[in-house]
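Student: Return atomic coordinates for the entry below.
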Amino acid sequence: MQAFTKITAKVIPLPLKDVDTDMIIPAQYLTSISKEGYGENLFIRLKQEQPDFPFNQDKFADAQILVAKSNFGCGSSREHAAWAILGAGIRVVIAPGFADIFFNNSAKNGLVLVELDAEVINGMLVDAENGNYEITVDLEAQTVILPDNTSYKFNFDPFRKECILNGYEELDFLLAKSDEIGQFKEERDKNLFFSTK
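Tutor: Presented below is the predicted three-dimensional model:
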């Protein structure tokens, strides 16, 4: 997984709620177990049906932060949804809430999901329409900073945060703690009635 600490980037607004994983990446495009190539089919149906869909507009072409409404990522448990979003260059999704399975799949792949109040989100969606709206997302400080320097704190699971900050898969996290695990085992063995050696 690619490490993530902090980003200042353009926002692409998606003023929809209940965006499900089939909207994100339709089932017929789930043709590989490799993470490569999914980004080009992100929101493919909506892009084909709506010429003015945000992902069709040049002014949002280099956006790396997606802002949407509530219950983003609902539907099936396909991990490909997170792969497609990352593959399209999006590093952060901000919404009032996310579906649980999508939330976990995203964390395992380094896609940062930030929950903020719906009122804040609605303001961001309006401000981002012009295509020149940049904000900062700082995972280490757990803050979102708007262009006027207004700052919003967000919660983030400490385990997932450490993994994403360091680019760790779950196994990488355990391997990084091997010295601490070894020290714990030595101390435990000293205090047992019998040694495990």
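
Student: how about the closest residue to residue 46 other than its chain neighbours, what does it touch?
Tutor: Using CB to CB, 6 or more residues apart in numbering and skipping residues adjacent in sequence, the residue nearest residue 46 is residue 53, 5.0 Å away. Quick note: C-beta positions are derived from backbone N, CA and C, even for glycine. Counting by CB atoms under 8 Å, 6 or more residues apart in numbering, residue 53 touches 43, 46, 47.

Student: One more: residue 89?
Tutor: Counting by CB under 8 Å, 6+ apart, residue 89 touches 39, 62, 63, 64.

Student: Doesn't the second one belong to a strand?
Tutor: Just to be clear, that refers to residue 62. No - Residue 62 sits outside any strand when classified using DSSP: H, G, I helix; E, B strand; the rest coil, being coil.

Student: Neighbours of it, how many?
Tutor: If you count neighbours by other CB atoms under 10 Å, residue 62 ends up with 11.

Student: With residue 24 as the reference, measure out to it.
Tutor: 20 Å (CB to CB, to the nearest Å).

Student: residues near residue 38, how many?
Tutor: 23.

Student: Leaving out chain neighbours, which residue sits closest to it?
Tutor: Nearest non-adjacent residue to residue 38 (CB to CB, 6+ apart): residue 84, at 4.0 Å.

Student: Let me know the helix or strand that that neighbour is in.
Tutor: Taking DSSP states H and E as the criterion, residue 84 maps to helix 80-87.

Student: Please point out which parts of that helix sit buried.
Tutor: For helix 80-87, burial by neighbour count (16 or more other CB atoms under 10 Å) applies to 80, 81, 82, 83, 84, 85, 86, 87.

Student: In contact with the last one, which residues are there?
Tutor: When contacts are counted by CB under 8 Å, 6+ apart, residue 87 touches 35, 36, 37, 38, 39, 40, 42.

Student: what about residue 147, neighbour count?
Tutor: Neighbourhood size, residue 147 [other CB under 10 Å]: 12.

Student: what's the domain layout of the chain?
Tutor: Following automatic domain parsing, one gets these domains for the chain: 6-166, 169-197.

Student: need the ones you listed in TSV with mean pLDDT, can you?
Tutor: Below are these laid out as TSV (pLDDT from 0 to 100):
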stretch	mean pLDDT
domain 6-166	95
domain 169-197	63
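
Student: for those domains, which one ends up most surrounded?
Tutor: A comparison of the domains of the chain by mean neighbour count, using mean count of other CB atoms under 10 Å, puts domain 6-166 on top with a mean of 17.

Student: Between the two ends of it, what distance do you get?
Tutor: The first and final residues of domain 6-166 sit 12 Å from each other (CA to CA, to the nearest Å).
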